[in-house]
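Enquirer: predicted structure and sequence below. I'll ask about it afterward.
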Amino acid sequence: MLIACPECAHEVSDRAAACPKCGFPIAEHVAEQRASEAAEHERTTRRRTDAHTDCAPCQGRGFVMFEWTDDDGTSKQGFDWCVRCKETGRLPVVHSAAGYFAVAIEHVEAFIGGEIGSDSPHVTSLGPDAPPPPSYPAAGPAAGPAAGPAAGPAAGPAAGPPAEPPAGPSSEPPAGGGSSQS
């Protein structure tokens with residue numbers, strides 16, 4: 001394809017090594033343009049998925065082990081909570097035209113918005129295939145629908161319009177905020 005030389009505007013092939021009129025490095029310029037276009041396309045296709053994967057620094061455990069030698073020369077071991085995954089062992093997964101990425105929790109929005117790139121220390125490229133799910137179950141109350149009476153289909157009335165509250169003073173909650181019904 002013929003393009004205008006950025007230096008002298010002479011028409012030249014986009015496959016030429018240099019402009020025959022002024023010597024401008026056409027091949028280098030075209031390669032930079034294509035790389036820039038590919039990077040822009042990758043940035044604009046970044047989307048957070050609903051998936052999570054193991055945090056690589058802590059191997060999905062939420063903490064990292066380390067060793068040190070004290071002043072007496074004794075070898076000791078300890079652990080520290082993982083900052084990258086905020087102690088969860090999981091990282092959110094972002095997908096783009098370039099593949100899948102595990103991104104540190106506090107940097108997801110910056111990565112999706114293009115403020116940081118895939119070369120950031122807060123981003124790990126996972127390749128073209130969707131990553132496996134986390135190795136360990138989620139912990140704590142944010143783990144999703146857990147056991148308990150409010151977790152199943154019997155948790156409330158069938159779908160439909162909400163029930164009308166009873167008329168009169170009995171519809172007001174007691175002063176303590178609790179329920180007077182058993």
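Expert: That came in fine, so what should we check first? Numbers count the residues shown, from 1 in each chain.

Enquirer: CA atoms for contacts and neighbours, from now on please.
Expert: OK.

Enquirer: output the longest helix belonging to this structure.
Expert: In the chain, with assignment by DSSP state H, the single longest helix is helix 26-44.

Enquirer: tell me the mean pLDDT for it?
Expert: In this model, helix 26-44 has a mean pLDDT of 91.

Enquirer: stretch 109-126 too?
Expert: 94.

Enquirer: name the surrounding residues that touch stretch 125-143.
Expert: For stretch 125-143, contacts defined as CA atoms under 8 Å, 6 or more residues apart in numbering pick out 51-54, 60-61, 88, 90, 98-102, 118.

Enquirer: which of those residues are buried?
Expert: Using 16 or more other CA atoms under 10 Å as the burial test, the contacts of stretch 125-143 include 51-54, 60-61, 88, 90, 98, 100-102, 118 as buried.

Enquirer: chain neighbours aside, what residue packs nearest to the spatially most central residue of the chain?
Expert: When CA atoms, centre = their mean is applied to the chain, the residue found nearest the centroid is residue 92 (3.6 Å). Excluding its sequence neighbours, the residue lying closest to residue 92 (CA to CA, 6 or more residues apart in numbering) is residue 52, at 4.5 Å.

Enquirer: residue 67 now?
Expert: residue 77 (4.4 Å).

Enquirer: does the one you found belong to a helix or a strand, and which?
Expert: Assigned by DSSP states H and E, residue 77 belongs to strand 75-81.
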